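> below are the sequence and a predicted model; questions follow.
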Amino acid sequence: MSHPTICEITKDTFWMLIAQAKEHPSGPGEWLMEQLMDLGPEQAKRFDDFAHAYSSLADQYGLWTAASVMERGGCTDDGFMDFRTWLVAQGKGVYMAALKDPDSLVDAPDYQDQRFDCLPHMGERAYEELTGRSTYEVFDPAGFQALKSELEQEVVYGDGIGYPYDAADVPAYLPRLCRKYMPEEMFQKQKVDIGTWNLNNPNIQKARATAQKSKKVKKERGDVR
């Protein structure tokens with residue numbers, strides 16, 4: 001299957017390269033690395049910027065809760081970073097659907113397989129190979145924030161995705177994921193970190209004070225908030 005020639009990394013060509021790399025299941029990372037090496041250091045860095053921006057936009061408590069369920073028992077800070085990288089690697093359709101409704105990840109490849117999670121790292125690796133420098137050495141905070149703002153315009157965040165849910169809320173918020181990854185008997189018996197947030201963390205306190213729970217959680221639990 002032939003594809004259009006890519007000369008510049010944009011939001012469209014970023015997702016295009018992710019999709020094309022997945023057509024090479026025996027070596028998707030190697031294939032993508034070759035493409036970015038051919039494009040040169042500036043475009044390799046742009047690919048890395050896009051990967052980090054999309055990962056940052058997915059930094060939402062509702063998705064963290066989904067990651068905890070898909071991990072079958074909690075998800076650390078580092079684990080959630082890895083999860084967001086995996087999510088970007090699944091492609092635009094899965095990524096956008098998850099931000100709109102984390103429960104849609106029930107239809108994604110099994111998270112335990114970690115499929116294609118190397119792909120978002122290829123920009124950084126290609127840049128370092130081409131220049132001998134890390135992308136962190138040339139990081140532009142203002143440019144990165146501008147890119148995030150641009151990409152965010154296309155994102156539709158789902159109802160309640162910014163709220164840190166208690167364990168008791170999780171089955172109502174993510175019913176399909178819970179049925180797939182943590183059946184009720186497992187959810188009840190297993191001592192897990194789902195919904196166990198650090199309540200002394202100012203970010204958690206702020207989210208609990210300002211963010212709204214999903215309407216389906218409030219309906220299920222009779223919560224007036």
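Arrived safely. Numbers count the residues shown, from 1 in each chain.
> residue closest to the middle of this protein?
Compute the mean C-alpha point of the chain, and by C-alpha atoms, centre = their mean the closest residue is R84, 2.7 Å away.
> you'd agree that one is up against D59?
Yes: here R84 lies in contact with D59, judged by C-beta atoms under 8 Å, at a distance of 6.8 Å. All C-beta atoms are positioned from the backbone trio N, CA, C, and that covers glycine.
> how much space between the residue nearest to the centre of the chain and E129?
In this view, R84 and E129 are 24 Å apart by C-beta to C-beta, to the nearest Å.
> okay, and the helix or strand of this protein with the least pLDDT?
Lowest mean confidence among the helices and strands of the chain (mean pLDDT, DSSP states H and E): helix 184-189, at a mean of 59.
> next SSE after that helix?
The C-terminal neighbour of helix 184-189 among helices and strands, as given by DSSP states H and E, is helix 202-210.
> please identify the buried residues of that next one?
207-208 (16 or more other C-beta atoms under 10 Å).
> which other helices and strands does it contact?
For helix 202-210, there is no helix or strand it packs on, judged by 3 or more C-beta pairs under 8 Å, 6 or more residues apart in numbering; DSSP states H and E.
> before we move on, back to that, how about the secondary structure of the residue nearest to the centre of the chain?
When classified by DSSP: H, G, I helix; E, B strand; the rest coil, R84 comes out as helix.
> and P183, how many neighbours?
10 (other C-beta atoms under 10 Å).
> what residues are up against it?
Not one residue lies near P183 by C-beta atoms under 8 Å, 6 or more residues apart in numbering.
> so, low pLDDT: which residues of this protein?
In the predicted model of the chain, residues 1-2, 114, 184-193, 220-225 satisfy pLDDT under 70.
> which helix runs longest in it?
Counting residues, the longest helix found in the chain (DSSP state H) is helix 41-57.
> next structured bit after it?
Helix 41-57 is succeeded, C-terminally, by helix 61-70 (DSSP H and E).
> that following helix vs helix 202-210, what angle?
Interaxial angle, helix 61-70 versus helix 202-210 (axes from the mean of the first three to the mean of the last three C-alpha atoms, to 10 degrees): 110 degrees.
> tell me which strands and helices the one helix or strand L87 maps to is in contact with?
Here L87 sits within helix 77-89, counting by DSSP H and E. On a contact count with 3+ C-beta pairs under 8 Å, 6+ apart, helix 77-89 meets helix 41-57, helix 61-70, helix 92-100.
> and the ones you listed as CSV, adding mean neighbour count?
What follows is those, written out as CSV (neighbours: other C-beta atoms under 10 Å):
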stretch, mean neighbour count
helix 41-57, 21
helix 61-70, 25
helix 92-100, 18
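> how about the ones you listed in CSV, adding distance to A168?
Listed next are these as CSV, based on distance: least, C-beta to C-beta, whole Å:
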stretch, distance to A168
helix 41-57, 28
helix 61-70, 12
helix 92-100, 23
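> which of those helices sits closest to N201?
Ranking those by their distance to N201 (criterion: C-beta to C-beta) puts helix 61-70 first, at 11.3 Å.
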